[in-house]
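*Asks:* got a sequence here, can you model it:
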Amino acid sequence: MQRAPRQVYSEDASQNTYGFRRCCKGVREAVPVEEIARRYTELKPFGGRAWFTGRCPLPDHEDRTPSFYIYPGEIGGRWWCYGCGRGGDVIDLEFLCGAYGELWAAMISLAVDYGVDLPERPGSWHRKHERQRPIRDGIEEAKVYAARRRLYKWCCEPLVLATEDEEDRVHDAQLYWEATAKLAEHLVLNMIGRRR
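*Replies:* Numbering: from 1, shown residues only. Model prediction:
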C-alpha cells in the first residue's frame, strides 16, 4: 500500500503563521521540485503517477536502489522516498538536502535563487504594529531596568558596600549603575532571541 506524500516539517507552530504559509506557497508555485532534486541526485523520467524517480538525495539515507519519486501536482509537486519514508514539497527537500538550520532559511534561499517576490504584510498589520510600538518599548524598558537592578545587586552592590569612604561609595555606586546598562540590554536581547 502506497502512502501519500506529506510535508515533513509542519509540526512547528512558528512555521504555521499565515505570512510564512503565503511565502511558502509563492515559492512552491515558482520552483519546480524536480529542479531542486536534480541539484542533489540524478533523476530519470518515470511513467504512471510519478514524474521522475532516482536515488534518495537525503544526506542521512544511503539509497542503494532508486526509491525516490517526484509526483505531479497543482503547486510545484511533491516528493516521497519509499526507502526512508519521508517526503514533502520543494522547500522540505531543499531544507533537508541543503543543511539549513531553519525551514524558513531554505524557503528564503529558494526565493532568492528563483527571483520569487514574496508577499508583503498588509497595511493594516503595519498600522497595528506602529500603534503597539509604545507598549512594546515600555515592556522592553521594564525588562532592561529589572535586569540592571539584578545585575547591580548581584555583581556591584557587594563592592560598593565594601567601600569605607562615603564619597567613594556614592561615586562607585553611580559608576557601577551606569556600567550595567549595556550589559542588561544585551542579556534581555539574548533571552528574547533564545525563546523564539
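
*Asks:* C-alpha only now, for contacts and for neighbours.
*Replies:* OK.

*Asks:* where do the strands of this protein begin and end?
*Replies:* Assigned by DSSP state E, the chain shows strands spanning 43-45, 52-54, 68-71, 78-81, 86-88.

*Asks:* low-scoring stretches of this structure, by residue?
*Replies:* The chain contains residues with pLDDT under 70 at 1-16, 18, 49-50, 74-75, 192-196.

*Asks:* so what are the domain limits for it?
*Replies:* 13-113, 123-195 (automatic domain parsing).

*Asks:* which one is the most centrally placed residue in the chain nearest to, not counting chain neighbours?
*Replies:* Nearest to the mean C-alpha position of the chain, by CA atoms, centre = their mean, lies E102 at 4.3 Å. Leaving aside its sequence neighbours, E102 sits nearest to F95 (CA to CA, 6 or more residues apart in numbering; 7.5 Å).

*Asks:* the one you found reaches A106, doesn't it?
*Replies:* Yes: assessed by CA atoms under 8 Å, F95 is found in contact with A106 at 5.1 Å.

*Asks:* show me what contacts the residue nearest to I91 when sequence neighbours are not counted?
*Replies:* Excluding the flanking residues, the one nearest I91 by CA to CA, 6+ apart is M107, at 5.7 Å. M107 makes contact with C23, C24, V27, I91, F95, according to CA atoms under 8 Å, 6 or more residues apart in numbering.

*Asks:* which one (most neighbours) among those residues?
*Replies:* Using other CA atoms under 10 Å as the neighbour test, those are led by I91, with 29 neighbours.

*Asks:* so that residue sits against I108, correct?
*Replies:* No: using CA under 8 Å, I91 is not in contact with I108; the gap is 9.3 Å.

*Asks:* which residues of the protein fall in helices?
*Replies:* 18-30, 33-40, 90-97, 103-113, 123-151, 157-162, 166-195 (DSSP state H).

*Asks:* pull the CA atoms of the second one into PDB?
*Replies:* What follows is helix 33-40 as a C-alpha-only set of coordinates in PDB (Å, rounded to 0.1, in the frame of the first residue of the first chain):
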ATOM      1  CA  VAL A  33      10.600  20.300  -7.200                       C
ATOM      2  CA  GLU A  34      12.400  18.300  -9.900                       C
ATOM      3  CA  GLU A  35      14.900  21.100 -10.500                       C
ATOM      4  CA  ILE A  36      15.900  21.200  -6.800                       C
ATOM      5  CA  ALA A  37      16.000  17.400  -6.700                       C
ATOM      6  CA  ARG A  38      18.500  17.500  -9.700                       C
ATOM      7  CA  ARG A  39      20.800  19.500  -7.500                       C
ATOM      8  CA  TYR A  40      21.200  16.500  -5.200                       C
END
